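Asker: The sequence isn't on hand, but the structure is:
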């Protein structure tokens, strides 16, 4: 179990992802479904690419802010996200409960080496970090007021101190980044060391390529799954950029024999990640 | 592709499935997620078993009515489901668009052999059926006023006539039945010719049993996947009935390495069905 090779899992979705929902409430709930699926299956990056077939991407900013909000531990949400219209429905969303969403903790229970997501606070001469404890933690290192930072505890109560954690200090899944790219084709062309899987209703069955993908998986550091929307497939997205889906090796229909007319994007993300997690869980 | 062996797919969920949602709106939306997942993957029966660990199953009736409502073609919903409180939020639900949810159609476009879900209407001496056309269809056969029936067109416009369709007349996925059982253990013990898969966070990985399940799949006519809730696993459900999970061969963790504390039931159903559909899609 522990020596399973897990590539860095990334997904790409269009900025039109919320266009089939009418109200801000429904759009917000849909983003939460994306966030939960990505968190369950350890997705590290969510790329949002521009859908050229739509006029403007009115939902882009909502999509980004709700994704980032949900990736933030609950104890930091208030200080990092002042109440705005876009977060009007944040209160009704299901919790994510990922490993970096630590509970508020008694300050004397914090252990050496613990890592907690924090925010730097300028206090007098020095820096402190709000890491969701009853008191701020003196912070050794540099940074600006309001910066989000992973804090590793290097001295415990009563002389609690922290510094910025390195990659090696973090042994669990630590949430996702949200990145914006203008062209899907440029993202795909520039993704080095990355296995690309394009989801498409017109694609082949993953089952037929499973052995091939598994054999190749260790050769790549990253695994990127690309989604379109039920209205516009990835083939149309790439075509609108003057590119073509045909140059990609893995264009796969993740839901063969589907009985409903469409599979919704939130369903496609959760379903595809479930299948991929199963495939690589050996 | 067409000669894939597809067993009859059934699921079992507890009558406490909606207990983690607070409002009727949220409960209704959750049922729609169940209904969509079951429809995408051709589930034919949804068993609802009684969770003995809860006092009363206040949501059971909501769960049943919304599931059945969503399985009904839109043209029959108004006549079969008078507006009640329980369907207060039916209007905000995503459509299912399964094959038996035919569009309203021009009466002269209906073809010989077409099958449409209908309701019997007593009209004068004879029986007619409302099958979502601009006119009722004379119905050959027996039945009572208000009975839901699958109608096969045996004569086209202008002398349109229908009779009850047989199993052989229906070549597509035709929705699910909703069935209520008191004891999960009794359902499992009495399920003949049925491969049983119990989902459990404490189970083995499907990957390790995949070949075995695939090899056995043609020996069974039915495939039943059993779900608990994130709060009470199937092991606890069976224990509360004086039974035990240990007698079952396939107790499987469908989401190994999950990063979030829990996988919600609507996610577990969609994810598990996605994986199973992938596994048997060869």
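Answerer: Yep, it's here. These figures come from a predicted structure and were not determined experimentally.

Asker: how about stretch A:7-16, does it get close to chain B?
Answerer: No - contact of stretch A:7-16 with chain B is not found when judged by CB under 8 Å from any CB of the partner chain; the minimum separation is 10.5 Å. For every residue, glycine as well, the C-beta is placed using N, CA and C.

Asker: I'd say residue A:177 and residue A:46 touch.
Answerer: Yes - counting by CB atoms under 8 Å, residue A:177 touches residue A:46, with 7.2 Å between them.

Asker: Those two: which is more packed in?
Answerer: For residue A:177 versus residue A:46, the count of surrounding residues by other CB atoms under 10 Å in any protein chain shown is larger for residue A:46: 23 against 13.

Asker: Can you name the residues bridging to residue A:43?
Answerer: Counting by DSSP bridges, residue A:43 is bridged to residue A:9.

Asker: Can you report how many residues lie near it?
Answerer: Residues near residue A:43, counting by other CB under 10 Å: 24.

Asker: what do you get for residue A:24?
Answerer: 16.

Asker: Contacts only, for it.
Answerer: Contacts for residue A:24 were tallied using CB atoms under 8 Å, 6 or more residues apart in numbering or on different chains; they are A:62, A:85-86, A:88-89.

Asker: CSV please, covering these and showing neighbour count.
Answerer: Output for the contacts of residue A:24, formatted as CSV (neighbours: other CB atoms under 10 Å in any protein chain shown):
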residue, neighbour count
A:62, 18
A:85, 8
A:86, 18
A:88, 12
A:89, 18
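
Asker: Just those residues: which are in strands?
Answerer: Within the contacts of residue A:24, no residue falls in strands by DSSP state E.

Asker: correct me, but residue A:89 touches residue A:30?
Answerer: No - between residue A:89 and residue A:30 there is no contact under CB under 8 Å: 10.9 Å.

Asker: what's the closest of the contacts of residue A:24 to chain B?
Answerer: residue A:89 (12.1 Å; CB to the nearest CB).

Asker: What pLDDT is listed against that closest one?
Answerer: At residue A:89, the model reports a pLDDT of 96.

Asker: Low-confidence bits of chain A, can you list those?
Answerer: Residues of chain A that meet the criterion pLDDT under 70 lie in A:1-3.

Asker: Show me the longest strand that occurs in it.
Answerer: Secondary structure assigned by DSSP E gives strand A:194-205 as the longest strand of chain A.

Asker: Identify all contacting residues around whichever helix or strand comes after it.
Answerer: Downstream of strand A:194-205, the next assigned helix or strand under DSSP states H and E is helix A:206-217. With CB under 8 Å, 6+ apart as the test, helix A:206-217 has contacts from A:5, A:7, A:195, A:197, A:223, A:250, A:252-254, A:256, A:275, A:279-280, A:282, B:278-279, B:281-282.

Asker: switch to 10 Å and redo it
Answerer: Outside of helix A:206-217, the residues within contact range by CB atoms under 10 Å, 6 or more residues apart in numbering or on different chains are A:5-7, A:195, A:197, A:199, A:203, A:220, A:223, A:249-256, A:272, A:275-276, A:279-280, A:282, B:277-282.

Asker: Pull out the buried positions in that helix.
Answerer: A:206-207, A:209-210, A:213, A:217 (16 or more other CB atoms under 10 Å in any protein chain shown).

Asker: can you put those in TSV and add distance to residue B:154?
Answerer: Shown next, in TSV, are the buried residues of helix A:206-217 (distance: CB to CB, whole Å):
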residue	distance to residue B:154
A:206	42
A:207	40
A:209	45
A:210	45
A:213	49
A:217	55
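
Asker: between the residues you listed, which is nearest chain B?
Answerer: Distance to chain B across those (CB to the nearest CB) is lowest for residue A:207, with 4.9 Å.

Asker: What segments of chain A are helices?
Answerer: For chain A, helices defined by DSSP state H occupy the ranges A:24-40, A:60-71, A:74-80, A:184-190, A:206-217, A:234-240, A:265-279.

Asker: Residue A:89: what's it in contact with?
Answerer: Going by CB under 10 Å, 6+ apart, residue A:89 touches A:23-29, A:31-32, A:66.

Asker: Contact residues of the stretch 101-250 of chain A facing chain B?
Answerer: A:101, A:172-175, A:205-208, A:210 (CB under 10 Å from any CB of the partner chain).

Asker: Now do residue A:12: how many residues are near it, please.
Answerer: A count of neighbours around residue A:12, defined by other CB under 10 Å, yields 24.

Asker: Return the distance of residue A:212 relative to chain B.
Answerer: From residue A:212 across to chain B, the span is 14 Å (CB to the nearest CB, to the nearest Å).

Asker: With adjacent residues omitted, what lies nearest to whichever residue of the stretch 101-250 of chain A sits closest to chain B?
Answerer: Of all residues in the stretch 101-250 of chain A, residue A:173 sits closest to chain B, at 3.9 Å by CB to the nearest CB. With CB to CB, 6 or more residues apart in numbering or on different chains as the criterion, residue A:173 has its nearest non-adjacent residue at 3.9 Å, and that residue is residue B:259.

Asker: distance of that neighbour from residue B:95?
Answerer: To residue B:95, residue B:259 is 32 Å away according to CB to CB, to the nearest Å.

Asker: who has more neighbours, the two?
Answerer: residue B:259 (20 against 13).

Asker: Go ahead and confirm the more buried one touches residue A:35.
Answerer: No - contact criterion CB atoms under 10 Å: residue B:259 and residue A:35 do not qualify, at 12.0 Å.

Asker: anything in contact with each of the two?
Answerer: Between them, residue B:259 and residue A:35 share the contacting residues A:43, A:96, A:98, A:175, judged by CB under 10 Å, 6+ apart.

Asker: Spatially nearest residue to the third one, not counting backbone neighbours?
Answerer: Looking back up the chat, that one is residue A:98. Per CB to CB, 6+ apart, closest to residue A:98 is residue A:39, 4.6 Å.

Asker: residue contacts, that neighbour?
Answerer: A:70-71, A:96-101, A:173, A:175-176, B:258-260.

Asker: ok, 7 Å please
Answerer: With contact taken as CB atoms under 7 Å, 6 or more residues apart in numbering or on different chains, residue A:39 is in contact with A:96, A:98, B:259-260.

Asker: Same question for residue A:64.
Answerer: Residue A:64 makes contacts with A:48, A:178, as judged by CB under 7 Å, 6+ apart.

Asker: go with 8 Å
Answerer: So residue A:64 contacts A:48, A:178, A:180 (CB under 8 Å, 6+ apart).

Asker: Good, wrapping up.
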